[in-house]
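Q: After the sequence you'll find the predicted model.
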Amino acid sequence: MTDTTANTSLIKADGAGATIPVPGGDLIYKWISYLSPIAILLLWEVLAQTNVIPSRVLPAPSIVVETGWRLIEQGELQRHLLVSLVRALSGLAIGVALGLTIGVIVGFWKLGDALLDRPMQMIRAVPFFAILPLVIIWFGVGESGKLFLVAKAVLFPIYLNTVLGIRQVDPKLLEVARIAKLTHWETITRIVLPGALPSILNGLRIAIAVSWLALIVAETIGARSGLGFLATDAREYLRTDVIVLTIFIYALIGILSDMIARHLEASLLRWHPNYVKRAG
């Protein structure tokens with residue numbers, strides 16, 4: 001059975017269990033997905049303007065936009081955003097490099113698994129806030145501590161998904177490599193790592209989201225700049241408009257980051273049958 005229309009949705013008929021194609025159904029749902037957030041913002045605006053929701057509790061979206069524009073004119077928002085981006089990307093790069101390295105060692109070698117996996121699981125089980133006092137003692141309140149926290153949070157999604165991807169490679173592919181008389185290095189680079197790539201990229205998507213969550217916590221430790229500092233400073237002065245603005249920015253960054261990760265996934269996995277449509 002082949003698809004005849006790009007924008008066709010299938011709806012189950014009552015009682016029969018059959019499906020009825022509805023032309024344009026997918027397009028309708030796509031528009032709904034775009035319009036529903038707008039409807040929520042409009043409702044929020046009306047409730048805030050009519051004081052059903054007090055502005056000190058949750059300011060109207062229009063007030064939040066005005067606050068954001070004022071901070072842009074002052075140059076404050078760009079400065080804090082740039083600092084947070086540098087911290088997040090730096091910590092992400094460190095965490096990804098460490099996670100990939102340790103994941104490959106554990107995934108490929110039994111000795112590496114015996115030596116490293118249990119300590120990694122023990123470190124992963126330590127609550128994030130529990131290590132904050134120790135991080136302050138180790139690194140003080142400078143940038144190193146913030147990068148450490150972000151890298152630690154990023155490390156484990158990459159590590160776990162790398163190990164999982166390597167161990168889930170189809171044994172038949174390894175048999176093909178043996179028959180083709182590929183060397184150990186060729187088997188790793190041509191068979192195992194490409195086969196593990198979907199899992200690794202899934203770990204990257206999780207790691208990107210986690211990096212921003214970790215950064216929020218990290219920027220509460222003696223920071224004098226960054227979005228986390230901006231929100232914390234606003235809390236001291238009960239500036240709910242600034243707090244909501246930072247939440248909006250975090251949400252926007254999260255969406256854009258996920259879009260970039262999905263594009264990277266689609267580009268690197270064009271050869272994979274499950275990603276052909278996504279890449280096209």
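A: Received it, and whenever you're ready, just let me know what you need.
Q: Can you tell me the element the residue nearest the centre of the chain falls in?
A: By C-alpha atoms, centre = their mean, the chain has its centre lying nearest to residue 209, at 2.5 Å. Remark: residue 209 resides in helix 193-218, with elements defined by DSSP states H and E.
Q: Mind listing what's buried along that helix?
A: Along helix 193-218, the positions that meet the burial threshold by neighbour count (16 or more other C-beta atoms under 10 Å) are 193-212, 214-218. C-beta coordinates here come from the backbone N, C-alpha and C atoms, glycine included.
Q: Likewise for stretch 133-146?
A: The neighbour-count criterion (16+ other C-beta under 10 Å) identifies 135, 139, 143, 145, 146 as the buried residues of stretch 133-146.
Q: what is the rounded mean pLDDT of that stretch?
A: The average pLDDT for stretch 133-146 rounds to 86.
Q: Just checking the distance from that stretch to the centre of its chain.
A: Mean C-alpha position of stretch 133-146 versus that of the full chain (C-alpha atoms, centre = their mean, to the nearest Å) differs by 24 Å.
Q: For that stretch, which outside residues touch it?
A: 87, 91, 148, 149, 215, 218, 219, 221, 222, 223 (C-beta atoms under 8 Å, 6 or more residues apart in numbering).
Q: Please list all residues in contact with residue 246.
A: For residue 246, the contacting residues are 227, 228, 230, 231, 234, by C-beta under 8 Å, 6+ apart.
Q: Relative to residue 256, how far out is residue 31?
A: In this structure, residue 31 and residue 256 are 21 Å apart, going by C-beta to C-beta, to the nearest Å.
Q: Could you count how many residues lie near residue 112?
A: Neighbouring residues of residue 112 were enumerated by other C-beta atoms under 10 Å; the total is 16.
Q: if I pick it, what's in contact with it?
A: Residues touching residue 112, when contacts are defined by C-beta under 8 Å, 6+ apart, comprise 105, 106.
Q: Helices of the stretch 101-250 of the chain, start to end?
A: For the stretch 101-250 of the chain, applying DSSP state H, counting those that start in this stretch gives helices covering 110-112, 118-125, 132-139, 143-167, 171-179, 184-187, 193-218, 227-236, 240-268.
Q: The last one: which residues count as buried?
A: Translated: helix 240-268. Neighbour-count burial for helix 240-268 flags 240-246, 249-250, 253, 257, 261, 265-266, 268 (criterion: 16+ other C-beta under 10 Å).
Q: by contact count, what packs against the host helix or strand of residue 39?
A: Using DSSP H and E, the element containing residue 39 is helix 25-49. For helix 25-49, the helices and strands in contact under the criterion 3 or more C-beta pairs under 8 Å, 6 or more residues apart in numbering; DSSP states H and E are strand 8-12, helix 61-74.
Q: taking the mean pLDDT, what do you get for it?
A: If you average the pLDDT over helix 25-49, you get 84.
Q: circling back to that earlier point, roughly how far does the residue nearest to the centre of the chain sit from residue 255?
A: Taking C-beta to C-beta as the criterion, residue 209 is separated from residue 255 by 10 Å.
Q: ditto for residue 140
A: Counting by C-beta to C-beta, the gap from residue 140 to residue 255 is 34 Å.
Q: wait, residue 81 sits on residue 249?
A: Yes: taking contacts as C-beta atoms under 8 Å, residue 81 lies within contact range of residue 249: 6.9 Å.
Q: list residues touching both of the two?
A: Here residue 81 and residue 249 have residue 227 as joint contacts, going by C-beta under 8 Å, 6+ apart.
Q: Thanks a lot, catch you later.
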